[in-house]
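Peer 1: quick one: sequence and predicted model below, then my questions.
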Amino acid sequence: MSYFLLLAVNGLVVGLIYALVASGLTLVFSVLKVVNFGHGSLYMLGGYASYYLISGLGLPPLLGVVGAMVTLFVFGVVFERLVIAPMYTDKVERKDEYAIIVTFGLTILITNLALVVFGPFAKSPPSFMTGALIAGPLILPYDRLIAAVAAVVLLVGLSLFLKRTALGQALDAVSQSRESAAVIGIDPKRMYTVAFGLGSALAGGAGALIAPVFALSPSMGDLPAVQAFIIIVLGGMGSVGGSVAGGVLLGLVQALGVGYLPDPNRALAYTQAFGALLLVITLLVRPTGLFGRPHLRLE
Amino acid sequence: MGSLSFSRAVQAVLLAVALLLPLAAGPYWIHVGAIAWYYAMLAASWALLAGFAGQFSFAHVAFAALGGYASALGVGLLGLPVGVSMLLAIVLAIVTGALIGALVLRLSGPYLALFTLAISEIFRLILVAEEDLTRGMLGLPVPGLFSGQSDVPYYYLGLGLVVMAMLAMNWLLSTRVGLFLRAIREDEGAARASGIDTTRYKILVFVVTAVIAAIAGIYYGHFIGILTPNIAILPEMGLVIAMAVIGGIESLPGAVIGAVVVFLLSESLRAYGEWRFVLMGLALILVQRFAQNGLYPMIEQWSRARAKPRAAATVEDRHAG
Amino acid sequence: MEHSIRNHLGALALFALAAVPLASAPALAEDPIQLGWVGPLSPPGNYSGGQEMQWAVQLGVDEINKAGGLLGRQLEVTYEDTKGQPAEGSAAAVRLITKNNVSAIFGEFHSSVALAEIEEAHKYGVAWMGTDVWADDITAKQYPEVFRVSPANSLVYVKAADWTVEQGFKNIAIIAENTDFGQGGAKIIADELQAKNVAHTLATIDLNQQDFTPALLRLMNQSPRPDAIQMVVAGQAQYQLVKQACQLGLAPTAETKLIGSSGLLQKEVWEVDGACAKNLLIVNVAQPKSQWNDKAKAFVAAFTERYKRAPTGVALEAYDTLGVVAEAIRKAGSADRAAIVRALEEIKYEGANATYSFPTTKEPAWAFHQFMDVPFTIIQYTEENQGPEEAAIVYPKNWATTDKILP
């Protein structure tokens, strides 16, 4: 029983962090109707941004996270204005393909640039807090606990922001229908920029929070990106609540899968395949996702 | 003077250059050229799938891996003759292509992209994990096709395959199927309403492109002599996408030229290390941002614009003479 | 507008011309001797290992050239990034041989890539010397051109497995990365433990993954709990394994020892793992400091000064690989390819890490052209921020600085 509990708690904690990674992707998708294939590289940039802010400017670790989010917000806004914005004009014919290609191009660009600029050796910012929480059978490293709590704070903050503030409601309105939003005087284009900036900031924040838990490397974003794709599909592409549920589900499935499948070697080798399989099945059987509202654009 | 004849002329010249290259180039460029044909087949067939039919699939390199591994395992594991093994791999690609095509009928845009990405990852993980069968990352040895030391036979084989694939795809596009595919891309609902059997043609385009990708993979495996699951990693798919998009996603010759140019450039700029891939990412974004149809169609258009005044001038000359 | 486009095209053409290498001119006596290096410098290859190897080689090249070169000619090495991809490796080998006209090829970190490269080396009759590729197959093919400085899997991991048995471990967990290196090493350890009748379990990990907690919890929950965990992981995932095993209180502890591979010798282990790396045991393919000759001391000092980090075993191997090839050229008295291959079979060269020679015995198959006396130690970090050369040596007996393994 305590074994199950240990696996489940660890799965939950990791799942919450996954959910934070996915929430930025969700926000961008719900407002822009674009899957950002560059999300993983923004996550990686966030990790390095916090590393350099902490080690270069001597910021305390949690302020480093905030700094990384600000940096990534600016980056996201600039990228959206320069590259994504033309998509809303008539000049771009195949909008879906356009968005996939430019965001995927961003990944190729940034991942390789990171290798040149940040170098091939692993880096790790200082711990938020060393040691682990030990309560009975439960063992939880503080870094993970803090990352998970921060993830929850950010996710709750995001939900409140979308529901309670004028800007958030405007974003939500655009995500429901850009035409009706325009009718009531909201400029959708401005909201796209805000949403992409926020989505990038969330990716960067997640990367910064995870940096002390794992370590930094130029390719660190590859796997979280795929996991975030899985989560937003599970969660119904476009609801923050859905990504939380999707993230936790994925965290639990992976932890329990590795913990209980009969052949330990295969169980581990196929960890990532579990998630991908969940995605495939969800899209086939219930394309609207397991939770959350129905997809906005699916015939 | 239309762009059509310009395009034909350019293609004829390039084909002639490709045919004559081994006479002039050393073994290194022949080797590089032979690998470039692999990417050319992938980029062109992916352009048909994504550019013409609007099916933005991330699973294309997985089909190449499927072909390569199936052919290698047919020889190594089942003891089949190479030819039979290749045929088996192609049949497998037909079946899998049809299956994937049927599964994704309801999906489009980002959903299709995510679905195929997941399928591709699952397949790659199986290749990694089932090491008893595939030898995992140790790499699966693949027997060569030609005795002797020269890469020239592979070069011409690859070139022949590229030409055949192009002829087959061009023929397909020149029939009604080409029209239907474009109609499906523009508006699937409308296409269906006007009586096009969209199901049939979507599956068809998946099968055709899967077969070409698989043939590319078979060729590649037997040429390099060893296959690892890394043949199907996402960055490889990214390379194919970049090649097709830069050359021209809606132009088969554009995609082939894109593949060859991108690959040769990345080879000759080796001294610049990782900056090559930074540049490639940048090129991908810039081309998509400023020349969505790719560079080859842009050059075609440009030449058409230049050709017109010149044609007029020729007429005048004749009058004068 | 038109003008500016033309300017750009002109620039592009110049760029393309600049990229065409100038190495096609026929070799003159004063021309530098050309050598080719292969190895991973970008993903999916193990680029941090590749980088260290490349640095070590360049250091060696500069030293040789400063001392007047080889046979009165300067030495020039062309570095090829093979990305851990076999196709890149074979293309790199062909390029080096036919375009750069190299006299010999050396380097490489990934066995699957090496296997593709040696086909080309064999085809063209060019010597190929492996720096850190462990698959038995590489020398087992018995190509006359193929030599290896680094150990074969069968050479090191059999010894490592025997050592764990000697230590009286009864229940060993093997965690291997799913690469040529990990799978190859894990199989040899598993076979050896099987032969000695020691219980063991195997877990394969993906290098992209970062969270191994569930897998470690599974090991922790195994009954009986493993008393040793042997990691055959070269990539950075190993740092995560160490950190997570330590945070869970699984290892290294009094009940469970943690044995790792050479990646943990890089100083980043202290940045990422901190106190968790204390008491780590590491399989190290290098001589202990007490055995260093002058060459090794000079190399370590020069490397540390130039690159601001201490070299690990891989760097020493890479430096020696260049040394061996250079010695063969000296002995052959020419940069002729066939002469170098012949000379390599006869040389006895004292490098920084060992004295190298390459036997022509064909039994077992992998022993052909395999350097056999690979120095091999198991070390233990006894203090935080310790460099590998300061760590305690627990194996082999004649070099050991302690007979006690810390908890």
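Peer 2: Noted; the coordinates are in hand.
Peer 1: low-confidence ranges in chain C?
Peer 2: Scanning chain C for pLDDT under 70 picks out C:1-30.
Peer 1: show me what contacts the closest residue to chain C within chain B?
Peer 2: When distances are taken as C-beta to the nearest C-beta, chain B reaches nearest to chain C at B:G139, 3.6 Å away. C-beta: built from backbone N, CA, C; applies to glycine. Applying C-beta atoms under 8 Å, 6 or more residues apart in numbering or on different chains to B:G139 gives the contacts B:I226, B:L227, B:T228, C:P86, C:S111, C:S112, C:L115, C:A116, C:D180.
Peer 1: just put those residues in a markdown table and tack on distance to C:Q74 and neighbour count.
Peer 2: Putting the contacts of B:G139 into a markdown table (distance: C-beta to C-beta, whole Å; neighbours: other C-beta atoms under 10 Å in any protein chain shown) gives the following:
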| residue | distance to C:Q74 | neighbour count |
| --- | --- | --- |
| B:I226 | 35 | 21 |
| B:L227 | 40 | 30 |
| B:T228 | 37 | 30 |
| C:P86 | 32 | 27 |
| C:S111 | 32 | 27 |
| C:S112 | 34 | 28 |
| C:L115 | 32 | 25 |
| C:A116 | 30 | 27 |
| C:D180 | 35 | 29 |
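Peer 1: which residue sits closest to the residue of chain B closest to chain C in space, ignoring its chain neighbours?
Peer 2: Counting by C-beta to C-beta, 6 or more residues apart in numbering or on different chains, B:G139 lies nearest to C:S112, which is 3.6 Å off, once chain neighbours are set aside.
Peer 1: surely the one you found is in contact with B:I231?
Peer 2: No - C:S112 lies out of contact with B:I231 (C-beta atoms under 8 Å); the separation is 11.3 Å.
Peer 1: all helices of the chain, in order?
Peer 2: I went with chain A, as the question did not name one. When secondary structure is read from DSSP state H, chain A shows helices at A:2-32, A:39-57, A:61-79, A:95-118, A:142-164, A:166-176, A:178-183, A:188-210, A:222-234, A:240-260, A:264-269, A:271-285.
Peer 1: chain B, not that one
Peer 2: Secondary structure of chain B (DSSP H): helices located at B:3-24, B:27-46, B:60-76, B:82-103, B:109-129, B:131-134, B:152-174, B:176-186, B:188-193, B:198-224, B:234-247, B:252-268, B:275-290, B:295-320.
Peer 1: out of those helices, which is closest to A:G236?
Peer 2: Closest to A:G236 of these, according to C-beta to C-beta: helix B:109-129, at 11.8 Å.
Peer 1: by contact count, what packs against the closest one?
Peer 2: Applying 3 or more C-beta pairs under 8 Å, 6 or more residues apart in numbering or on different chains; DSSP states H and E, we find helix B:109-129 packed against helix A:95-118, helix A:222-234, helix A:264-269, helix A:271-285, helix B:60-76, helix B:82-103, helix B:234-247.
Peer 1: what about C:E327, which helix or strand?
Peer 2: Applying DSSP states H and E as the criterion places C:E327 in helix C:313-332.
Peer 1: now the helix or strand just after that helix: how far from the chain's centre is it?
Peer 2: Tracing the chain C-terminally past helix C:313-332 and defining elements by DSSP H and E, one meets helix C:337-346 next. Put simply, helix C:337-346 sits 23 Å off its chain's centre (C-alpha atoms, centre = their mean, to the nearest Å).
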